[in-house]
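Undergrad: Here is a sequence with its predicted model. Questions after.
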Amino acid sequence: LERAQALVAGFSESGQNDRLPPGYLSEIGLPAADWCAAWGRILGRGALLLIDYGFPRHEYYHPQRGAGTLMCHYRHHSHVDPFWLPGLNDITTHVDFSAIWRAGRDAGLALEGYLTQASYLINAGLMDELNRLDTHDLKSYLPAVTAAQKLVNPAEMGELFKVIAFSKALDLPHLLPGFQSGDDSPKL
């Protein structure tokens with residue numbers, strides 16, 4: 001309860017709640033931020049790379065997202081009622097990446113970058129890997145290109161999924177692979 005009250009107080013201080021219409025409903029991912037903070041305590045030296053769908057706080061708590069981000073999936077069908085067929089649905093919400101960043105920072109992790117999945121994959125060499133494929137072997141080439149397009153297309157997973165990286169006790173003379181350009185850390 002104390003953690004939830006601190007989060008609500010921080011949210012109020014940020015001015016976010018001043019923008020929200022009456023009746024606004026959303027999720028607060030306390031376990032996600034706690035999980036990230038735990039890595040700050042556990043990790044002696046290394047890097048933490050997180051990939052998931054979500055938004056920075058100003059987009060996560062956007063006034064037009066007044067019903068939150070909760071989604072349910074049952075046999076390839078999406079719906080918003082978590083009480084329909086309990087135990088049979090995959091229930092999920094988006095990540096508040098600003099909360100993840102704050103939890104990591106407060107736990108002693110250094111932010112190495114934050115960007116879209118499309119930027120990360122392209123920076124990490126996805127196009128180079130596709131260029132290595134035999135374009136004449138259509139049985140292999142076309143499925144690979146189709147899969148890559150789904151991963152980087154803004155209308156698919158490219159913009160919705162984000163990648164955030166933290167490090168601890170590492171002297172990184174170069175950026176982590178995948179973080180050469182497109183950093184959106186100021187949005188956090």
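TA: Nice, I can see it. Numbers count the residues shown, from 1 in each chain.
Undergrad: Can you verify my assumption that Thr93 contacts Met71?
TA: Yes: in terms of CB atoms under 8 Å, Thr93 counts as a neighbour of Met71; the distance is 7.4 Å. For every residue, glycine as well, the C-beta is placed using N, CA and C.
Undergrad: Return the distance of the residue found closest to Leu43 once you drop the neighbours it is linked to in the chain relative to Gly46.
TA: Ranked by CB to CB, 6 or more residues apart in numbering and with sequence neighbours excluded, the top spatial neighbour of Leu43 is Lys168, at 4.9 Å. Between Lys168 and Gly46 the distance is 6 Å, computed by CB to CB, to the nearest Å.
Undergrad: Show me which helix runs longest in this structure.
TA: Longest helix in the chain by number of residues (criterion: DSSP state H): helix 138-152.
Undergrad: Any chance you could list what contacts the helix or strand that that one is followed by?
TA: Scanning forward in sequence from helix 138-152, with DSSP states H and E defining helices and strands, the next element found is strand 161-168. If you take CB atoms under 8 Å, 6 or more residues apart in numbering as the criterion, strand 161-168 is touched by 36, 39-40, 43-55, 95, 97, 100-101, 104, 108-117, 120, 176, 178-179, 184.
Undergrad: Can you report the mean pLDDT over the residues of strand 161-168?
TA: For strand 161-168, the per-residue pLDDT values average out at 97.
Undergrad: likewise stretch 117-124?
TA: Averaged over stretch 117-124, pLDDT sits at 97.
Undergrad: so Thr92 sits right up against Ser78, yeah?
TA: No: proximity of Thr92 to Ser78 does not meet the contact threshold set by CB under 8 Å, at 10.1 Å.
Undergrad: overlap in contacts of those two?
TA: Contact with both Thr92 and Ser78 is made by residues 71-72, according to CB under 8 Å, 6+ apart.
Undergrad: The two - which one has more neighbours?
TA: Neighbour tally, Thr92 and Ser78, criterion other CB atoms under 10 Å: the higher count belongs to Thr92, 14 against 10.
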